[in-house]
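# Give me a model of this one.
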Amino acid sequence: VCACMCALKGCFNNNTHIALSSLPLQVCAAHREMLHFIGALAEYISGEVVHVCWATLQEELSGPSAGSIEGLRALHQRYLGQIRTRVFLTASAKPILGMLGGICGEVAVFAAKVAANAAVLGSSHQAQHAHALAALMASHAKFQSLTSFLAQVAESVVARDGSSPLAHLLLRLRFNA
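Numbering: from 1, shown residues only. Predicted coordinates:
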């Protein structure tokens, strides 16, 4: 997630000094959509995974289970298990983790294409501009397809399992999307 955010922000802050205002509106909109997705995913991991699991562990550390080394070990294992489950690192959630990896990969591809085509997008050469814009929009379309499929899979898991960490992620992704 951090690598995707850095790649996406970096394509506008690196040595090429790409200004969003110099890019076509479609590219700016795609950039905003991808930033929202990656930001929502990072907020989910921070707010719904790390902080929640840590707070639970802290409460359990003041209980009777923390009175022995074996008890501490068991609490720590449960803490790690909660994190793995909430960040989709379990065997049953492997497809979701794979989809998230594919989405982050497409974000990196988009960022690289923006950086590589910055000069062309700012030029008045119509044929090169159209080709560069088409490549960026194809990358954005793939991103949208992947995120749409992720939402469908997550919705079916939430419907099947009831309360799921995925419900919180879906809420974050849909807010202001």
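# Flag the shaky bits of the chain, pLDDT-wise.
Low-confidence segments of the chain, defined by pLDDT under 70: 1-22, 89-90, 122, 163-164, 176-177.
# Distance check, the spatially most central residue of it against A108.
Taking CA atoms, centre = their mean, the centroid of the chain lies closest to I38, which sits 3.5 Å from it. As defined by CB to CB, to the nearest Å, I38 lies at a distance of 10 Å from A108. From N, CA and C alone the C-beta is placed, and that goes for glycine too.
# same check, this time on P165
Taking CB to CB as the measure, P165 falls 25 Å from A108.
# Which elements pack onto the helix or strand hosting H129?
H129 belongs to helix 126-161 when assigned by DSSP states H and E. Taking 3 or more CB pairs under 8 Å, 6 or more residues apart in numbering; DSSP states H and E as contact, the helices and strands that helix 126-161 lies on are helix 25-44, helix 94-116, helix 118-122, helix 165-174.
# Pull out the buried positions in the second one.
Okay, so that is helix 94-116. 96, 99-100, 102-111, 113-115 (16 or more other CB atoms under 10 Å).
# next one: the first one
The neighbour-count criterion (16+ other CB under 10 Å) identifies 27, 30-31, 33-34, 37-38, 40-41, 44 as the buried residues of helix 25-44.
# Check the offset of stretch 109-129 from the chain's centre.
Its chain's C-alpha centre lies 25 Å from the corresponding centre of stretch 109-129 when counted by CA atoms, centre = their mean, to the nearest Å.
# Pull that stretch out as PDB, backbone CA atoms only.
As requested, C-alpha coordinates have been extracted for stretch 109-129 and formatted as PDB (Å, rounded to 0.1, in the frame of the first residue of the first chain):
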ATOM      1  CA  VAL A 109       1.800   1.100 -14.000                       C
ATOM      2  CA  PHE A 110      -0.400   4.200 -14.200                       C
ATOM      3  CA  ALA A 111       2.100   6.300 -12.200                       C
ATOM      4  CA  ALA A 112       5.000   5.100 -14.400                       C
ATOM      5  CA  LYS A 113       3.000   6.000 -17.600                       C
ATOM      6  CA  VAL A 114       2.200   9.400 -16.300                       C
ATOM      7  CA  ALA A 115       5.900  10.100 -15.500                       C
ATOM      8  CA  ALA A 116       7.000   8.700 -18.900                       C
ATOM      9  CA  ASN A 117       4.500  10.600 -20.900                       C
ATOM     10  CA  ALA A 118       4.500  13.900 -19.000                       C
ATOM     11  CA  ALA A 119       6.200  15.900 -21.800                       C
ATOM     12  CA  VAL A 120       4.000  14.400 -24.500                       C
ATOM     13  CA  LEU A 121       0.800  15.100 -22.500                       C
ATOM     14  CA  GLY A 122       1.800  18.700 -22.200                       C
ATOM     15  CA  SER A 123       2.700  19.100 -25.800                       C
ATOM     16  CA  SER A 124       0.600  20.200 -28.700                       C
ATOM     17  CA  HIS A 125       1.500  17.200 -30.900                       C
ATOM     18  CA  GLN A 126      -1.900  15.600 -31.300                       C
ATOM     19  CA  ALA A 127      -1.000  12.100 -32.400                       C
ATOM     20  CA  GLN A 128       1.500  11.500 -29.600                       C
ATOM     21  CA  HIS A 129      -0.800  13.200 -27.100                       C
END
